[in-house]
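Participant: Need coordinates for the below:
(one chain, ligands or ions: 1)
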Amino acid sequence: MMERFELRGLVEGRAAGETLVVMGRLSFYGEVDPEKGTLVDGRSIAGKILVIEGGRGSTVGPYILYALSRRGLAPSAIVVVEAEPILVAGAVMASVPLAAGLPRKVLESLRDGCRAELESKPPKALLAIECSE
Ligand SMILES: C/C(=C\C(=O)O)CCOP(=O)(O)O
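Facilitator: So this is what the prediction gives:
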């Protein structure tokens, strides 16, 4: 069943695809390989709708996200429970749609490979997610 959420749109754009879920806060610097577009555990973020609790710096993170986008390895969108300014800066630089305000319980209920669609039109965003059994 498709679930829909009204979120806060922070960076405009739309995307549809598979979720990639990271519990906790993510720093693109040190935790994402800028040449491969992979997390330290090897999962690829390229073209995924990246769902995370939020960012946690570093100031180098926006440049990593920008480098990923230049290489075609950026996520197609980012959805967070709570945004912080460095993640917003990175999403703006890389033109990656970004939305915040996902309930934490929803994040905890998600897994990789759910089907998601995001339409972010600041100040609002609409997220639809369907996870098959
Ligand atoms: C100085 C940094 C990287 C480099 O050597 O180029 C990292 C800065 O990290 P912050 O968490 O923003 O201090």
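Participant: Strands of the chain, start to end?
Facilitator: Under the criterion DSSP state E, the chain contains strands at 3-11, 13-26, 32-33, 38-39, 49-55, 77-80, 98-100, 115-121, 124-130.
Participant: Figure out which of these is closest to the ligand.
Facilitator: strand 49-55 (11.1 Å; Cβ to the nearest ligand atom). The C-beta positions use only the backbone N, C-alpha and C, and glycine is treated the same way.
Participant: Tell me the bridge partners for the residue most central in space within the chain.
Facilitator: Closest to where the C-alpha atoms of the chain average out (Cα atoms, centre = their mean) is residue 78, at 1.9 Å. In this entry, residue 78 is beta-bridged to residue 50, residue 98, by DSSP bridges.
Participant: near the ligand, which residues of the chain show up?
Facilitator: Listed as neighbours of the ligand in the chain under the rule Cβ under 6 Å from any ligand atom: 57, 58, 59, 60.
Participant: Next up, the contacts around the residue nearest to the third one when sequence neighbours are not counted.
Facilitator: Leaving aside its chain neighbours, residue 59 sits nearest to residue 86 (6.4 Å; criterion: Cβ to Cβ, 6 or more residues apart in numbering). Neighbour list for residue 86: 55, 57, 58, 59, 61, 62 [criterion: Cβ atoms under 8 Å, 6 or more residues apart in numbering].
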